[in-house]
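Participant: A structural model of the following input is requested.
(one chain, ligands or ions: 2)
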Amino acid sequence: MQTEVIVVAAGSGTRMGSAMKKQYLPLDGAPILVRTLQTLAACPTVHRIVLVVASEDVPYITELIEAYYLSKIGDVVAGGRERQDSVRNGIAALLHDTEFVAVHDAARPLVTPEEVEAVLTAAKMFGAATLGVKVKDTIKRVDQGQVRETLQRSDLWAVHTPQAFRCEWLAEAHMRAWEAGYTGTDDASLVEWAGYPVSMVEGLYSNLKVTTPEDLVIAEALWRARKEIDIQ
Ligand SMILES: Nc1ccn([C@@H]2O[C@H](COP(=O)(O)OP(=O)(O)OP(=O)(O)O)[C@@H](O)[C@H]2O)c(=O)n1
Ligand SMILES: C[C@](O)(CO)[C@H](O)COP(=O)(O)O
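Facilitator: Residues are numbered from 1 along each chain as shown. Ligands and ions are numbered 1, 2, ... in the order given. Reported below is the predicted structural model:
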């Protein structure tokens, strides 16, 4: 059963506000993207990785692949304007016999092989699955500075990546969304919109998305703490 992962790394990292794109900033001495790719390559059920990057970064990515001996990277393709466009370009580069595909943010370098395997296992059982965590804060819906509603926290999950799918479900959802002009901030929402069920797999709070400068400080601390535990 062929399984591929699309890693989306074509964002501009605007909210990080750094001179270098956030996916290339160092995390314990190596670029965030490299940390992410090394973890995915270490997963036994991942056969091949499709890496989506900004077209101007392709020469740098080629250097990174060589310098860090990155394995399982089958294709490097150009990203699009929005994340959804980048995933769609990644889908076009999947092999024809691939049955299951996971989509992962380059900006989530702290994902563990166990999380990747868990979400892939759930997708193989149910067709589509996402990692997520129960929200810890109380969430309110606010409009024009006014609280309109306090949501039932026990129903709410913060959604992470990877998200894994039967390949034809993801491809169909993306194609239909593109035709209909439907947009979503994650791939599961497109698959839900296309009418397919999506299972939730409980992940770790540590699988944060490095988005703003404080996330990088937290990610670095978590990474080092994990390394110390591994050494002991
Ligand atoms: N056009 C885009 C936009 C985003 N991404 C990727 O999607 C993931 C999640 O996106 P986000 O964290 O929002 O990254 P950016 O879009 O780079 O951040 P910002 O919104 O702050 O510019 C990242 O790995 C990012 O590189 C992508 O491949 N193509
Ligand atoms: C896919 C995602 O990481 C799930 O949390 C998130 O939705 C990406 O969001 P962004 O809009 O690209 O920041």
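Participant: who in the protein is up against ligand 2?
Facilitator: R83, D105, V159, H160, T161, T185, D186, K209 (Cβ under 6 Å from any ligand atom). The way it works is simple: take the backbone N, C-alpha and C, and place the C-beta from them, glycine included.
Participant: and the fifth one, backbone torsions?
Facilitator: Geometry field for T161 lists phi and psi as phi -120, psi 160, criterion degrees, to the nearest 10.
Participant: once you drop chain neighbours, what's closest to E82?
Facilitator: Counting by Cβ to Cβ, 6 or more residues apart in numbering, E82 lies nearest to T183, which is 7.1 Å off, once chain neighbours are set aside.
Participant: ok, back up a step: which one of the residues of the chain next to ligand 2 is nearest V217?
Facilitator: For the residues of the chain next to ligand 2, the closest approach to V217 (Cβ to Cβ) belongs to K209, at 14.2 Å.
Participant: just for the protein, where's the confidence low?
Facilitator: 231-232 (pLDDT under 70).
Participant: for ligand 1, what's the nearest residue on it?
Facilitator: Taking Cβ to the nearest ligand atom, ligand 1 has its nearest neighbour within the chain at G11, 2.0 Å off.
Participant: what residues does that residue make contact with?
Facilitator: Going by Cβ atoms under 8 Å, 6 or more residues apart in numbering, G11 touches K21, K22, Q23, G79, R83, S86, A106, A107.
Participant: redo that, cut-off 7 Å
Facilitator: Counting by Cβ atoms under 7 Å, 6 or more residues apart in numbering, G11 makes contact with R83.
Participant: now C167
Facilitator: By Cβ under 7 Å, 6+ apart, the contact set of C167 is L94, T98, E99, F100, V101.
Participant: contacting residues for E99?
Facilitator: Taking Cβ under 7 Å, 6+ apart, one finds M1, Q2, R166, C167 in contact with E99.
Participant: which of the three states applies to it?
Facilitator: Secondary structure for E99, judged by DSSP: H, G, I helix; E, B strand; the rest coil, is strand.
Participant: and the contacts of the lengthiest helix in the chain?
Facilitator: Determined from DSSP state H, the single longest helix within the chain is helix 213-231. For helix 213-231, the external contacting residues (Cβ under 7 Å, 6+ apart) are M16, G17, L25, L27, D28, P109, L110, S206, L208, V210.
Participant: how about the third one, nearest residue that isn't a chain neighbour?
Facilitator: So the one you mean is L25. Nearest residue to L25, sequence neighbours excluded (Cβ to Cβ, 6+ apart): I32, at 5.8 Å.
Participant: got the contact list for V58?
Facilitator: V58 is in contact with V76, counting by Cβ under 7 Å, 6+ apart.
Participant: please repeat the previous calculation with a cut-off of 10 Å.
Facilitator: L51, V76, V77, A78 (Cβ atoms under 10 Å, 6 or more residues apart in numbering).
Participant: how near is it to L25?
Facilitator: According to Cβ to Cβ, to the nearest Å, V58 stands 19 Å off from L25.
Participant: burial measure for P197, as a count.
Facilitator: 11 (other Cβ atoms under 10 Å).
Participant: before we move on, what about W178?
Facilitator: For W178, the count of nearby residues is 14 (other Cβ under 10 Å).
Participant: cool, and the one 4 residues further on?
Facilitator: The local packing of Y182 (other Cβ under 10 Å) involves 15 other residues.
Participant: dump the residue contacts of the closest residue in space to R48 that isn't next to it in sequence.
Facilitator: Leaving aside its sequence neighbours, R48 sits nearest to G74 (Cβ to Cβ, 6+ apart; 4.0 Å). Counting by Cβ under 10 Å, 6+ apart, G74 makes contact with E4, H47, R48, I49, V50, L51, A93, L94, L95.
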